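Q: following is a predicted model, sequence given first.
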Amino acid sequence: MAGPEFAIAIIVILILSVLASVPVVLSLGLTSFFGLAYLTGSLDIAGSLLANTTYEAIRDYVFAVIPLFVLMGEFISRSGAAADLYKLVNRGFRRLPGRLALATVGGNAVFGAVTGVSIASAAAFSRIAYPEMVQHNYNKSVALGSIAGSASLGMLIPPSVLLIVWGVISEQSIGQLFVAGVIPGLLLAAMFFVFIVGLATVRPALFGNDSDLTDAPEADPAETRRELIGGLGVLGLIVAVLGGIWVGAFTPTEAAGIGALLALALALLKGVSLRGLGEAVLETGRISAPLLFLLITAQMYSRLLALGGITDFIQSLFTLMGDNPSLVLAVMVLVWFVLGMFIDSVSIILLTVPIFAPLAGTLGYDPLAFAIIGIVAIEAGLLTPPLGLCVYTVKGCVTDPDATLARIFLGSIPYWIILLILVLLVTLMPGIATWLPAQML
């Protein structure tokens, strides 16, 4: 086991390489390889460990869950079901103030439950919801903020890619993590709803002529039928996948396979061409391959932490703050916020969870509650300048010159604050995250 100097050097080198724009997969891989070579005194042993880690990771059955859920989301995206879902939810909220913004939050919540990727939700609803809100004279900051802010739901509501990555890195049950995210995800969506309804009631001018929509003529029956097929198809898919995991009918990996099959059927029913299906498969590869390489190098990084005694060293640093678990958790959350300003969510999990998760266990935090706290805190990074991936995604998908980064960040501030409130709620009431998984046992 190496001394504290080695631990400090490894962490500093890793952080500096990431901040220097070296791809995280290379930073993790190279730092881990040469760190293990230094510890063992042999490049051959380090290479053998890398090969063994790669083999064990690739053959792990649970790794298939990522590409299968991504494929499910791609089929749904290309079927046009997101637009159907938005129109269906929009029609259901016709008596509420802020109807289009509420439909955006509701659509993002449901769409996030089949894609698991916030950026996909942000891209879809930037194209679907923003033109509709502009047409009805919404304040553009309100419109853009509702899209970017509610897109963060995709990282909490299962099947979230972040929950999958967290489960793989921390060796927790992905099925239990999925179910643990249900109540916090619904609570977050409800908090967004309350905020929008309250703002629309107090400041109706920000929501343009939204109220005119209540008098809109009924849609064409054929169009309504298409919307029902798409919207209800997505809802049925969610019930089948998450319900099957909850009742123990199948594992998360099996649920992902069934979900991809049902999504394929829905895409064919909606008229997606063979070329579109082929493009969905290719896009799945483009999204999944980097994630899988990251997970392989992250497992190598975890071995370095264990062999080098780095985890013990960092835990000893945290214990210098005293025996106050709340203070230690606050520091962890602060680290997640700061990292969220510079690097993406998956990279944050890969860098911090191998260190933070064991420490949280020693402090007495429930692993499921801690995971949800971490995911929500990392979600806030999606809206935090200067990176804010959801904000940049909305900016890239909206052609309106008035949709500046400053305006999107400004509109996202209330949603960022709500995310912080949820972190506090789960910290004070961990049962929010642990009650449903307990019913599975």
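A: Perfect, thanks for sending it.

Q: all helices of the stretch 251-400 of the chain, in order?
A: 252-269, 274-308, 310-319, 325-340, 345-362, 367-380, 389-397 (DSSP state H, counting those that start in this stretch).

Q: deepest-packed of those helices, please.
A: For those, the largest average neighbour count (mean count of other C-beta atoms under 10 Å) is found in helix 367-380, namely a mean of 25. For every residue, glycine as well, the C-beta is placed using N, CA and C.

Q: list the contacts of the residue lying closest to A122 once chain neighbours are set aside.
A: Excluding its sequence neighbours, the residue lying closest to A122 (C-beta to C-beta, 6 or more residues apart in numbering) is A151, at 3.7 Å. Counting by C-beta atoms under 8 Å, 6 or more residues apart in numbering, A151 makes contact with 108, 112, 118-119, 121-122, 125, 382, 390, 393-394.

Q: read off the pLDDT value for the residue positioned nearest the centre of the chain.
A: Central residue of the chain (C-alpha atoms, centre = their mean): M155, 1.9 Å from the mean position. pLDDT recorded at M155 is 80.

Q: dump the residue contacts of it.
A: Counted by C-beta under 8 Å, 6+ apart, M155 has contacts 112, 116-118, 161-162, 345, 375, 378-379, 382.

Q: just G244 next, same as before
A: 250, 254-255, 258.

Q: make a markdown table out of those residues and add pLDDT and distance to F6.
A: Below are those laid out as a markdown table (pLDDT from 0 to 100; distance: C-beta to C-beta, whole Å):
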| residue | pLDDT | distance to F6 |
| --- | --- | --- |
| F250 | 81 | 44 |
| E254 | 86 | 42 |
| A255 | 85 | 42 |
| I258 | 89 | 46 |
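
Q: make TSV out of these and add distance to L420.
A: Listed next are the contacts of G244 as TSV, based on distance: C-beta to C-beta, whole Å:
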residue	distance to L420
F250	36
E254	36
A255	31
I258	36
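
Q: out of those residues, the closest to T201 would be?
A: A255 (40.0 Å; C-beta to C-beta).

Q: from W435, how far off is that closest one?
A: 21 Å (C-beta to C-beta, to the nearest Å).

Q: got it, and L39?
A: L39 is 43 Å from W435, by C-beta to C-beta.

Q: between these two, tell me which one has more neighbours.
A: L39 (19 against 15; other C-beta atoms under 10 Å).

Q: my guess is the more buried one contacts L307, does it?
A: Yes. Under the criterion of C-beta atoms under 8 Å, L39 makes contact with L307 at 5.6 Å.

Q: ok, back up a step: among the helices of the stretch 251-400 of the chain, which gets the worst mean confidence?
A: Taking the mean pLDDT of the helices of the stretch 251-400 of the chain, helix 310-319 comes last: a mean of 69.

Q: now name the helix or strand holding Y130.
A: helix 118-135 (DSSP states H and E).

Q: got the angle between that helix and helix 367-380?
A: Helix 118-135 and helix 367-380 meet at an angle of 50 degrees, taking axes from the mean of the first three to the mean of the last three C-alpha atoms, to 10 degrees as the criterion.

Q: helices and strands around helix 118-135, which ones?
A: Counting contacts by 3 or more C-beta pairs under 8 Å, 6 or more residues apart in numbering; DSSP states H and E, helix 118-135 packs against helix 65-78, helix 81-92, helix 99-115, helix 140-151, helix 389-397.

Q: low-confidence ranges, the stretch 101-250 of the chain, go.
A: 115-117, 210-220, 222-223 (pLDDT under 70).

Q: hmm, 90 instead?
A: By pLDDT under 90, the weakly predicted segments of the stretch 101-250 of the chain are 101-138, 147-165, 167-176, 178-179, 181-182, 204-250.
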